[in-house]
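> Here is my input, please return the structure:
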Amino acid sequence: MPDLTFTRQLRILKPAEFKRVFDHTELRGSTPHLLVLASANEQACPRLGFVIAKKQIKHAVQRNRIKRLIRESFRHHQHDMLALDYVILARSGLIELDNQQIREMIDGLWFRLKRPTHGRQANSNRNKKRQSGR
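Model (predicted):
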């Protein structure tokens, strides 16, 4: 049985690591309530980081509930995921969803991001346009 722990090596902790994901986003998945950005890392495993602003989700209890649900989903999917750094950004309205809805939403995002062609073709087309000067 695979190890389903969420150790320190599976977390994005340093501001420079977050900045690298924001500056060099390779994959992106979104719903009206969540945005997931992903970028390649040097580790052999996926890592997870959160950006959940007080402005979006006011109470710490609610922010912690959301982080707990996403971490749980990440733990169960980590062995099927690419070795990328994933940053989750919460949007307003997320607290109005119940736990099951949040779980289904994040599971759907993991599924979309696991597909090998998701986002890569769009980024390569964008880069071609940039290089050609259009």
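
> the strands in this structure, which residues?
27-30, 34-40, 47-51, 84-90 (DSSP state E).

> what's the spacing between residue 57 and residue 88?
Distance of residue 57 to residue 88, computed by C-beta to C-beta, to the nearest Å: 12 Å. In this view, the C-beta of every residue, glycine as well, is placed from N, C-alpha and C.

> ugh, wrong one, residue 31
11 Å.

> More neighbours: which of those two?
Ranked by neighbour count (other C-beta atoms under 10 Å), residue 31 and residue 88 place residue 88 first, with 21 against 15.

> hey, what's residue 86 bridged with?
residue 38, residue 48 (DSSP bridges).

> Count residues in the vicinity of it, would you?
26.

> That one touches residue 51, doesn't it?
No: with contacts counted by C-beta atoms under 8 Å, residue 86 stays clear of residue 51, the gap being 11.2 Å.

> For residue 106, the count of nearby residues, please.
24.

> ok, now residue 29?
Neighbours of residue 29 using other C-beta under 10 Å come to 20.

> Same question for residue 113.
That count, for residue 113 with other C-beta under 10 Å as the rule, works out to 21.

> Residue 75 too?
15.

> same check, this time on residue 58
Neighbour tally, residue 58, other C-beta under 10 Å: 12.

> Would you check how far apart it and residue 90 are?
Residue 58 is 12 Å from residue 90, by C-beta to C-beta.

> Same check on residue 7?
Taking C-beta to C-beta, one finds residue 7 at 23 Å from residue 90.

> For the closest residue to residue 95 other than its chain neighbours, report the pLDDT, please.
Distances taken as C-beta to C-beta, 6 or more residues apart in numbering put residue 62 closest to residue 95, at 4.7 Å, once the chain neighbours are dropped. What the model reports for residue 62 is a pLDDT of 94.

> My guess is residue 62 contacts residue 97. True?
No: judged on C-beta under 8 Å, residue 62 makes no contact with residue 97 at a distance of 10.8 Å.

> quick one, helices of this structure?
Using DSSP state H, the helices of the chain run over 15-23, 60-77, 99-114, 120-132.

> Quick check: mean pLDDT of the third one?
What that stands for is helix 99-114. 92.

> okay, it in PDB with CA atoms only?
Extracted C-alpha coordinates of helix 99-114, given in PDB (Å, rounded to 0.1, in the frame of the first residue of the first chain):
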ATOM      1  CA  ASN A  99     -17.300  19.500   2.300                       C
ATOM      2  CA  GLN A 100     -18.500  17.000  -0.400                       C
ATOM      3  CA  GLN A 101     -18.800  19.700  -3.000                       C
ATOM      4  CA  ILE A 102     -15.300  21.000  -2.300                       C
ATOM      5  CA  ARG A 103     -13.900  17.500  -2.400                       C
ATOM      6  CA  GLU A 104     -15.500  16.800  -5.700                       C
ATOM      7  CA  MET A 105     -14.300  20.100  -7.100                       C
ATOM      8  CA  ILE A 106     -10.700  19.500  -6.100                       C
ATOM      9  CA  ASP A 107     -10.800  15.900  -7.300                       C
ATOM     10  CA  GLY A 108     -12.000  17.100 -10.700                       C
ATOM     11  CA  LEU A 109      -9.100  19.600 -10.800                       C
ATOM     12  CA  TRP A 110      -6.500  16.900 -10.000                       C
ATOM     13  CA  PHE A 111      -8.000  14.800 -12.800                       C
ATOM     14  CA  ARG A 112      -7.800  17.600 -15.300                       C
ATOM     15  CA  LEU A 113      -4.200  18.400 -14.300                       C
ATOM     16  CA  LYS A 114      -3.100  14.800 -14.500                       C
END
